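Asks: Got a predicted model here, sequence first, then my questions.
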Amino acid sequence: MGSSLPKLRNDLRISRHVTAAGTSFVVKEPASGNFFRLGEAEYFIAQHFDGKTPLETVRQRVEEKFDASLSSETLRAFINELDKRHFFEDERGNKSKKPRRRISGNLLFLRFRAFDPTRLFDRLEPRIRFFFTPHFVILSAVFILFSVGVTIAHWDEFVTDVSRLYRITAVPMFMMVVFVVVIAHECAHGLTCRYFKGEVHEIGFLLIYFQPAMYCNVSDAWLFPEKSKRMWVGAAGPYFELFLWALAVMAWRITESDTSINDAALIVVATSSVKTFLNLNPLLKWDGYYLLSDWLEVPNLRRRSFKYVGDLLRRLAGLPSRIADAIPRRERWIYMIYGVVATFGSFSILFYVLVTAGGRLVEGRQPTVVMLSMSLLFLKFRRRFRRLFGKRSDSADDLDDDFDDESSDAGFRADHVENSFRAETDKGEPSRSDPTPVKSSRRNKGRKLRPRAIWSIIGVVSVAVFLFGHSELRVSGPFNILPEENDDVRAPVEAVVDTIYVDEGDEVRKGDLIAQLSEVDLRAELRKTEADLAAKQARLNMLIVGTRPEEIELARKAVETSATKAQQALDLYNQAKRSREERLALAETTIKKGEERLLYGQKSLQMQEELIKEGLGSIHQVDEAAEQVAVRRRELEEARALRQVILAEDLAEIRKDVAITEKEAKEAEAKLQILMAGARKEEIEALQAELTSSETQRAFLQQQLEGTRVLSPATGIVATPSRLLKELNRQLVKKGDLIAKVYALNKVSAQILISEKEIAGIAVGQKVELRARAYPSETFEGIVTSIATSAQGTSGSEEAPATTSATSATGSKTIVVTTEIENQSLLLKPGMTGQAKIFCGRRSVRDLATRRAAQTLKVDFWSWW
């Protein structure tokens, strides 16, 4: 400020808040968008800064209003504090403006301002007013509770479906769905603030610890006098996300599992529940924290709680307090409870990250990443301790656990002005002649000179080394020893091992006898094949010679004989058929005769019965008539039964004989025709093919017999343990089973697994140094002889490379680099492991640092640009 009187800007937005702690005023500085909280006394003073009222008059009015003394120095300090916050117009009457940067923050917290959503929200807000009605709140709450019940009832199915998301193809949809939900979450905050007549001018992206996030600046909610409106603005985001979660639960339940809608709904159900739980946790500086702060009506709760807990620790250590004692009892309890819980949780998380992530980074053998991560954790620990004990951080954005904004710090400073005024009215103006502060300031200044010089020297040296220094590029990786020639002695045939002629460590030459297999079964099979071959050869000779005349004559006689038998059988059948017809006709005649006699007897019996009724006949005659009727009925039944017997006779046996004899006659004629035609050419060719097959089988068996002698395929040393060789005696081995290993160990190969990120600097012919775990003090040297043409997956650094294994695209990829090592001392054994270093040539430190930075960041990051 110049010599002119201060004039308060007329574009400042001021809101009066009445709380249990008293009346306060929230002031928004529109140029920077920062908010400041002023007490009643501070606001009374600021109202008199109209550019006309002298400062002495302002001081007198304040003393009359509050019945307390106010020194000119304190008033001047308050004016300077407001001037730093751009509360005043400059001497030319212009309003102070602080430029708004599109990108702000620091390495751990970067804020990218995207756009001003005012026009968008102004168009949307009238169309979505239903979401701000009590009806929607009640219906949505019931719907959310119903969805919770559905999720619990189908929990097992939900867990099973979530496993479908663990695939690389789900990543694009996962990112897109989460991004849409996050946008809806942030827009819910902004639209609610706009609904309550607040202004929303900023939506953008955040990088918090290099993790992307979104934000919507709804700081205008601080201007709402009603606590309920401020809390609704804070709760709108998580509540609307819960509503979307409930809709997703329903979509997940009613859609097929193989549809995109089901996958998207499942992603929302899986992520939004966890996000909402974390978001409403008041220990993390997200929506839950701000809701708690608004509900308690304690701004800057986290920062003040940390400072209060740190001050308690200072007093326990016997150090002087840095916080004024005029803190209400209610706020002291709030600061102590929240500060203790948040401090314990914050340090617990940092310690857990230090132990778990640090251990994994060390195991991953990434020293640069380890040092960088430890540096970031050190900064976080340092910042925690500095805030805990009331010291200010050197960072431009003095951020809390999850980053505070500038308004939070400004609010503290405004409160500090008010507390200073209160202390002065109670204790009087401090003496100006006290030399202690000046002396202490000089001492502190002297102490700061030396570290600055040291850090300057370190910085200059570091820059020089970075720009002009050179160092060897070394690429390391685990290796596995393989023999230069690795020959397996395998069983050529399936047989029982008779004798093993070698032992572990024996030197053998190519062609030496290793083992003898049993040949008993093979020789028996060979004799059987040779006999079958002789029989087929004889048949072939017979076919080639042809049929003899005697055989043809014999076949003709067989045809005549079979024809005679067929004719006799046919005659016998015809005779039997005629006899059956005659007997059937006789039976029919007998039946008709019996029916007539039975009818006559029945009439005679009826006549005798009528005479008896008239008293003219005798009983004896009636009995005789009845007896005749019974006899004639039985005769009739016998005749009918005889007819049935005749009908049942179908002459099946005789017809069968006729068919058999006719078939035999045809077969005899066919044989005669075949004999007269002679052997066919095709039959001779088929038998010749069978003969060739038998000869091939005989040659194969002879080769198998030769294979019972197991010979060494190369010159080297037997590497199979003696125990395994002894166990093979009298054991059945199948074709291809391993009997022994013969290694050439005078020169061995080492296969080194190199991460695909490191392979760019490696070339054939580069020097390699190896340290085996068996001989940590020995250094073995070699050169790169080959580099694999394709990458492969690996499940561990100690496993032997498998160049033919197929791996998924999501697994860690390595490339096999091969080197040859002289091993005249035979110290290196196949299967040994250790660490290898490949010397890729000297590079500038700048190139090495750039290379390491590029390898540390995921390659997906580079595709964003």
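Replies: Cool, got the structure.

Asks: contacting residues for H201?
Replies: Counting by CB atoms under 8 Å, 6 or more residues apart in numbering, H201 touches 33, 116-118, 217. From N, CA and C alone the C-beta is placed, and that goes for glycine too.

Asks: Find me the pLDDT at it, would you?
Replies: Per-residue pLDDT puts H201 at 88.

Asks: now F179
Replies: Confidence per residue is given as pLDDT, and for F179 that number is 90.

Asks: tell me the domain ranges of this structure?
Replies: Domain ranges of the chain: 13-84, 101-296, 301-403, 472-485+744-862, 549-649+658-677, per automatic domain parsing.

Asks: And the contacts of H201, which two are furthest apart?
Replies: For the contacts of H201, the farthest-apart pair by CB to CB is G33 and P117; their separation is 14.2 Å.

Asks: now, which of the contacts of H201 sits nearest T23?
Replies: G33 (24.2 Å).

Asks: which element is T23 on?
Replies: Taking DSSP states H and E as the criterion, the element that holds T23 is strand 22-29.

Asks: just checking, next helix/strand downstream of that strand?
Replies: Downstream of strand 22-29, the next assigned helix or strand under DSSP H and E is strand 34-39.

Asks: just the angle between that following strand and strand 22-29, please?
Replies: Going by axes from the mean of the first three to the mean of the last three CA atoms, to 10 degrees, strand 34-39 is angled at 150 degrees with respect to strand 22-29.

Asks: The following helix or strand past strand 34-39 - what's its average pLDDT?
Replies: Per DSSP H and E, the first helix or strand lying C-terminal to strand 34-39 is helix 40-47. In this model, helix 40-47 has a mean pLDDT of 87.

Asks: got the CA positions of the helix or strand following helix 40-47 in PDB?
Replies: Where DSSP H and E defines the elements, the next helix or strand beyond helix 40-47 is helix 55-66. C-alpha atoms of helix 55-66 as PDB (Å, rounded to 0.1, in the frame of the first residue of the first chain):
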ATOM      1  CA  LEU A  55      -6.800   5.200  10.200                       C
ATOM      2  CA  GLU A  56      -6.800   7.000  13.500                       C
ATOM      3  CA  THR A  57     -10.600   7.400  13.300                       C
ATOM      4  CA  VAL A  58     -11.000   3.700  12.400                       C
ATOM      5  CA  ARG A  59      -8.900   2.800  15.500                       C
ATOM      6  CA  GLN A  60     -11.000   5.000  17.800                       C
ATOM      7  CA  ARG A  61     -14.300   3.600  16.400                       C
ATOM      8  CA  VAL A  62     -13.000   0.100  17.000                       C
ATOM      9  CA  GLU A  63     -12.000   0.900  20.600                       C
ATOM     10  CA  GLU A  64     -15.400   2.400  21.200                       C
ATOM     11  CA  LYS A  65     -17.300  -0.500  19.600                       C
ATOM     12  CA  PHE A  66     -15.500  -3.300  21.400                       C
END
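
Asks: same for the helix or strand just after helix 55-66, what does it pack against?
Replies: Counting by DSSP H and E, the next helix or strand C-terminal to helix 55-66 is helix 72-84. With contacts taken as 3 or more CB pairs under 8 Å, 6 or more residues apart in numbering; DSSP states H and E, helix 72-84 sits against helix 40-47, helix 55-66, helix 406-427.

Asks: from the chain's centre, how far out does stretch 190-198 sit?
Replies: Computed by CA atoms, centre = their mean, to the nearest Å, the chain-centroid distance of stretch 190-198 equals 40 Å.

Asks: low pLDDT regions in the stretch 451-600 of the chain?
Replies: 451-452, 484-486, 542-548, 551 (pLDDT under 70).

Asks: can you give me the strands in it?
Replies: 470-490, 495-500, 507-508, 513-517 (DSSP state E, counting those that start in this stretch).

Asks: Tell me, how many residues neighbour T818?
Replies: Residues lying near T818 (other CB atoms under 10 Å) number 20.

Asks: helix/strand/coil for it?
Replies: strand (DSSP: H, G, I helix; E, B strand; the rest coil).

Asks: quick one: contacts for it?
Replies: 749-752, 784-788.

Asks: Which secondary structure elements does the strand holding T23 sit against?
Replies: Judged by 3+ CB pairs under 8 Å, 6+ apart, strand 22-29 is in contact with strand 13-19, strand 34-39, helix 40-47.

Asks: let's see it at 6 Å
Replies: In this structure, strand 22-29 makes packing contacts with strand 13-19, strand 34-39, judged by 3 or more CB pairs under 6 Å, 6 or more residues apart in numbering; DSSP states H and E.

Asks: how much space between the most centrally placed residue in the chain and T151?
Replies: With distances taken as CA atoms, centre = their mean, the residue of the chain nearest its centroid is Y166 (2.7 Å). Y166 is 20 Å from T151, where distance means CB to CB, to the nearest Å.

Asks: Repeat that for V496.
Replies: Where T151 is concerned, V496 sits at a distance of 64 Å (CB to CB).

Asks: okay, the strand holding T23 in PDB with CA atoms only?
Replies: Provided in PDB are the C-alpha atoms of strand 22-29 (Å, rounded to 0.1, in the frame of the first residue of the first chain):
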ATOM      1  CA  GLY A  22     -20.200 -16.700  17.200                       C
ATOM      2  CA  THR A  23     -20.600 -14.600  14.100                       C
ATOM      3  CA  SER A  24     -18.100 -14.700  11.200                       C
ATOM      4  CA  PHE A  25     -17.900 -13.400   7.700                       C
ATOM      5  CA  VAL A  26     -16.700 -15.300   4.700                       C
ATOM      6  CA  VAL A  27     -15.100 -13.200   2.000                       C
ATOM      7  CA  LYS A  28     -14.500 -14.300  -1.600                       C
ATOM      8  CA  GLU A  29     -11.700 -12.600  -3.600                       C
END
